[in-house]
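Novice: Next comes the sequence, and after it the predicted model I'd like to discuss.
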Amino acid sequence: MNKIIRFLPLVLVIALGVVLYRGLSLNPNDMPSALIGNAMPDFSLSTLNDENKIVTKADLVGDIVLINVWATWCPTCKYEHPYLLELTNNPQVKLYGINYKDERPAAKEWLTHYKDPYVFSIFDEEGLLGVKLGVFGAPETFVIDHHGVIRKRFAGAIDTRVWRKEFEPLIKQLITEKQQGK
Amino acid sequence: MLNRVLFIVVMVVTVFFVANSAYASPVETFEFQDEVTKIRFQALSKELRCPKCQNQNLADSNSTVASALRLDLYNLLIQGKSDTEIVDLMVGRYGEFVLYRPRVSSVTYILWFGPALLILIGIIVVIVILRKKPATKENLALDSQQQEKLKQLLQPDQPTSDITNPNIINEEKE
C-alpha cells in the first residue's frame, strides 16, 4: 500500500503530461459552432455587384445552400477559389457568397479576375451578418438546409478532399431529407 | 540601500503606468447617448473574448471579427438590449467560449471548482504526511538501555564493543 502511494505523484505527473501533450496538438480555431440547428439569421443587405439590389434571407432559403464567407484580404480564399468554381458544376447545391468586411471595388475586381462562382455575393461591409453567423474569420462555409436551418459550419479552405470528407455525406443526407418531404 | 529601494519603487510605478497606457483600444469612434451606455460598452467589450485572437478581449483586439463585434455590440446597446440579453446572444453565436468568465454549468465545473479541489487535495496530503510522523518528546527520549549505552560511550577510558559502531543508537531508535 505504502509503495503504491509513493508512486502516486509520478503517476499523476505522467497523466498530466499526457493530457497537456494532447492539448498541444489540438487546433484552437476548431471551435464548435453554437448555431448548428438554428435558423439562418435575418438580414437585409445589398449584393456585391449591385448596391441598389437588396437581398434578404428569403432569397436564399428553399434549396440546399452553401454560403461561403470570403474576402479579398484573405489568402486562403484565393486558394479555395478554384474548387468553388468547380462546385458550380454540382447541381445539388447552390453556392452563395458573403463578401465579409471588404471593399466593393476590390471584391468586384477579384470576381472579374478569378471568375465568379456565386449565384450572388452579399456585401457585408461591416461584418454584421458574419457576426450573426458566428464567423471567426474567412474563409468559412455554412450549409443551410431547405428549411433555412444551419446544418454545418466549416472554417478553412475547401478542396476536393475536404469536400468528400466534410460536405458530401451531409449533402446526400439533406437531399434524402428533402425528397422524403421532411 | 535607500537608493535601491527608491529604484525599485520607481520601476514598479513606471511599469504600472506603461501597462495601463498600453491598454489602448484600436481606434474607432462610437458616440453614446449617455455615460452609462458608454461604461456598459467598455465593460462588455472587456468581458467578451475575441473569437479569432483568443487571448484578447474585444476592446483589445484589432482583428476584423473583433471590430465587427464591437460595432454589433454598439448597435445592440443603442437598440436598448440589456447586458444579459447581449451576453446570451453572443453565447448563442460563439458558445460559452466567448465569455472571459464562463458561466457555471456542468461543462465548466472543472474550470470553476478544479483549483479549489486541488488545494483541498493538497491540504489533505499535508495533513496525512504530518500525522504520519508525530515528532513528540516521548519518542525522542532515550529509554534506560540507550541511556546506559550513552554513558558508556561518553566515558573514554572504559572501552566497549559498541563504540566501534556509532550508528547503533540511531538504528535502535527507528
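Specialist: That came in fine, so what should we check first?

Novice: Just give me the neighbour total for A:Asn52.
Specialist: Using other Cβ atoms under 10 Å in any protein chain shown, A:Asn52 has 6 neighbouring residues. Backbone N, C-alpha and C define where each C-beta goes, glycine included.

Novice: Residues in a beta bridge with the residue nearest the centre of chain A, which ones?
Specialist: When chain A is reduced to its mean C-alpha position, the closest residue under Cα atoms, centre = their mean turns out to be A:Thr141, at 2.1 Å. With DSSP bridges as the criterion, the beta-bridge partners of A:Thr141 are A:Asn68, A:Phe154.

Novice: who's in contact with it?
Specialist: When contacts are counted by Cβ atoms under 8 Å, 6 or more residues apart in numbering or on different chains, A:Thr141 is found next to A:Leu66, A:Ile67, A:Asn68, A:Val69, A:Arg153, A:Phe154, A:Ile158, A:Phe167.

Novice: closest to A:Ile175 among these?
Specialist: Proximity of the contacts of A:Thr141 to A:Ile175, judged by Cβ to Cβ, is greatest for A:Phe167, which lies at 12.2 Å.

Novice: what's the spacing between the closest one and A:Lys78?
Specialist: The spacing between A:Phe167 and A:Lys78, counted by Cβ to Cβ, to the nearest Å, is 20 Å.

Novice: So between the two, which is more surrounded?
Specialist: For A:Phe167 against A:Lys78, the residue with the higher neighbour count under other Cβ under 10 Å is A:Phe167, and the figures read 19 against 14.

Novice: Do I have it right that that one meets A:Val143?
Specialist: Yes - shown here, A:Phe167 and A:Val143 form a contact pair, counting by Cβ atoms under 8 Å, at 6.9 Å.

Novice: Quick check: neighbours shared by the two?
Specialist: A:Leu66, A:Lys152, A:Phe154.

Novice: Give me the neighbour count for B:Ile39.
Specialist: 11.

Novice: Could I get the contacting residues of the residue in chain A that chain B sits nearest to?
Specialist: Closest residue of chain A to chain B, Cβ to the nearest Cβ: A:Gly127 (2.9 Å). Neighbour list for A:Gly127: A:Tyr100, A:Lys101, A:Val135, B:Thr64, B:Val65, B:Ser67, B:Ala68, B:Leu71 [criterion: Cβ under 8 Å, 6+ apart].

Novice: okay if I get these as JSON lines plus pLDDT?
Specialist: Output for the contacts of A:Gly127, formatted as JSON lines (pLDDT from 0 to 100):
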{"residue": "A:Tyr100", "pLDDT": "93"}
{"residue": "A:Lys101", "pLDDT": "92"}
{"residue": "A:Val135", "pLDDT": "89"}
{"residue": "B:Thr64", "pLDDT": "86"}
{"residue": "B:Val65", "pLDDT": "87"}
{"residue": "B:Ser67", "pLDDT": "89"}
{"residue": "B:Ala68", "pLDDT": "90"}
{"residue": "B:Leu71", "pLDDT": "92"}
